Structures are given as structure tokens and as C-alpha cells.
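# The sequence and its predicted three-dimensional model are supplied below.
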Amino acid sequence: MIRIFKTLRICHLTSQNSQTVRLLQITDTHLFADPYGCLLGVNTAASYKAVVAEIRSQNIEFDAIIATGDLSQDHTEQSYLRFVEGIADWSQPCYWLPGNHDYQPEMQKALTQSTLVRCDQVLVGEDWQLVMLDSQVKGVPHGRLSTEQLILLEQALAVNPSRHTLVLLHHHPLPAGSAWLDQHQLHNQNDFWALVEKYNNVKGVVCGHIHQDLDTQFKGCRVMAAPSTCIQFLPDSDDFALDSTNPGWREISLHQDGTITSKIGRLKGSDFQPDMNSSGY
Ligand SMILES: [Fe+2]
Ligand SMILES: [Fe+2]
């Protein structure tokens, strides 16, 4: 028996190409109210704009944007409005969820336009559903899924057993290989994976938070993370370290047969190099 804490808010996931749902992941923009605001030497508004411009210049086609948290660095409504402004020329919907750096009251206030839809929902399509989860624990960098969020996930998996499922959350639900970053992973990941294993319809999990490309298999699921649109963390480093790879994004295609294809895109050039001597974040 599934206990229902809240009614599922269901949105319909549409695709211009009925066979495949194409998602564009933009994550960890860390924007400020100040257009010159910098994070470890990178102007985050400028790098975000450059990423959007590069996606546009490549004519990348997608059905929806998924914004997987840490959209603001300073908790201001203006920083969220800056995010909205960046994607305003696109008519596709943007589904967003909060990260550890976000301040949900201001986030909610700013991101309520018709093309932006918040988390705590299940987006249902022909063959796929997206389950958007809130893993934020207020005031700390690590993540945790509340009982409500776990129930939301279980309901979706149980109610739509024939739909392939992509789960989205900010925090990484498995170690990424960097001790300093892995302290800040999803702390109750055993609860999460126990649910995934109980059903067999989760095909993929998408997160932000780790500011690097991750594409691996775990418990039969594809687990993916994307580069930040600003600073990157050095993979496999036990201590805090920045990476000189460029800001970027991830493209994800969900196919009718349950398979997923995905690739990372990045800016070219060297306009957004962080201060490599930074010792903390
Ligand atoms: Fe982040
Ligand atoms: Fe984060």
C-alpha cells in the first residue's frame, strides 16, 4: 500500500518527434544579481550567456530544458530572473529543481512563468516519464530525499510501470570519485536505490552538483551528470581542485525502446578559465 502525502502534479511531456524526447540539461549556473558577479574567477552571467549562445549557434534541437539546480549563488530573485532571461528566447518548457545553493522562496517567486515548471512532479509522456525530485537539505551542501520525495518517486514508479523513467535530482546518488565532493552526495542513497531496484522501469538518473561530466551505469541504470555553465571540478581528486575544461551542457535523448543516448557539449576557446589557485568552494 502506497501512502499518499500529496497529489501528484502531473505535466504532460511532449515531443515534436513522437519517437524520442530530447532534453537539454543546463545546470549549476551559480548566477548573481550583479551581472559582474564572479565565482572563483569566472563571471557566471557571462559564461551562462555564452553557453546559451553556443547551443543556439549549433542549432541543437530539444523538446525541454532541464535545469538541475544551483541556479543562483547569492539567493536573490534577480539572479533567478537572470536565469529566466537567458532562456527567454526559447519557447520550450524548462523544468527546474533546487540545489544546495538555491533559496527556494526567491527561486519559486522568479521561476513561475508559464514555460518554467518546478520540481515535485511527474512529467508523463507516451513512452517515458520524468520524476523531478527535491534533494535539498536547507543550509548544508549534502543532499537527502525526504520521505515525501521517496513516496513521490515510488508512486510514479508504481502507477506507471510500463513507462520508462528518468529520475532527476541535484545531488549525485553515488560516489563520483572525489572525497571532498562525495561528502556532499545524496546521503540516503541506499533508500533511493532500494526503490529503483524494487521496480524495473528506471532507465536513467540525471544530476547536477558535481560540475563535471559523468556517464556511468549503476544498478542497471544510466547515471549522468553535466558540466556546470561556469566552473568545473577536477574529476577523481580527493581534495578540492578546479578543472580547466570549459563550461558546457548535456543533451539527452530518450528513445521509445527505453534506451538513452546522450552527449556533452562545451564552449570552445579559453574565455572562462577559473582561478586555478582557489583552495575552496
Ligand atoms: Fe553547483
Ligand atoms: Fe550543488
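Yep, that arrived. Numbers count the residues shown, from 1 in each chain. Ligands and ions are numbered 1, 2, ... in the order given.

# For the stretch 101-250 of the chain, give me the ranges with low pLDDT.
113-115, 118-120 (pLDDT under 70).

# 80 instead, please
By pLDDT under 80, the weakly predicted segments of the stretch 101-250 of the chain are 113-120.

# how about the helices of it, start to end?
Counting by DSSP state H, counting those that start in this stretch, the segments of the stretch 101-250 of the chain that form helices are 104-110, 147-159, 179-182, 189-198.

# so of those, which one's packed in deepest?
Most buried of the helices of the stretch 101-250 of the chain, by mean neighbour count (mean count of other C-beta atoms under 10 Å): helix 147-159, with a mean of 19. C-beta: built from backbone N, CA, C; applies to glycine.

# quick one on the thing from earlier: quick one: closest of the helices of the stretch 101-250 of the chain to Phe233.
For the helices of the stretch 101-250 of the chain, the distance to Phe233 is smallest for helix 179-182, at 6.3 Å, taking C-beta to C-beta.

# Indicate which one of the helices of the stretch 101-250 of the chain is closest to Asp134.
Comparing the helices of the stretch 101-250 of the chain by C-beta to C-beta, helix 147-159 comes nearest, at 5.9 Å.

# what are the C-alpha coordinates of the closest one, in PDB please?
The C-alpha coordinates for helix 147-159 follow below in PDB (Å, rounded to 0.1, in the frame of the first residue of the first chain):
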ATOM      1  CA  THR A 147      10.000  10.700   3.000                       C
ATOM      2  CA  GLU A 148       7.700  12.700   0.800                       C
ATOM      3  CA  GLN A 149      10.100  12.700  -2.100                       C
ATOM      4  CA  LEU A 150      10.700   9.000  -1.800                       C
ATOM      5  CA  ILE A 151       6.900   8.400  -1.800                       C
ATOM      6  CA  LEU A 152       6.500  10.600  -4.800                       C
ATOM      7  CA  LEU A 153       9.100   8.500  -6.600                       C
ATOM      8  CA  GLU A 154       7.500   5.200  -5.500                       C
ATOM      9  CA  GLN A 155       4.100   6.400  -6.600                       C
ATOM     10  CA  ALA A 156       5.300   7.300 -10.100                       C
ATOM     11  CA  LEU A 157       7.100   4.000 -10.500                       C
ATOM     12  CA  ALA A 158       4.200   2.000  -9.300                       C
ATOM     13  CA  VAL A 159       1.500   4.000 -11.200                       C
END
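
# Quick check: residues of the stretch 51-200 of the chain near ligand 2?
70, 99-100 (C-beta under 5 Å from the ion).

# So which of those is surrounded by the most neighbours?
The most crowded member of these, judged by other C-beta atoms under 10 Å, is Gly99 (28 neighbours).

# so who does that one touch?
Gly99 is in contact with 28, 68-71, 136, 170-171, 208-209, counting by C-beta atoms under 8 Å, 6 or more residues apart in numbering.

# Just list the residues touching the residue nearest the centre of the chain, thanks.
Relative to the mean C-alpha position of the chain, the nearest C-alpha, by C-alpha atoms, centre = their mean, is the one of Thr68, at 2.1 Å. Going by C-beta under 8 Å, 6+ apart, Thr68 touches 25-28, 96-97, 99, 168-170, 206-209, 226.
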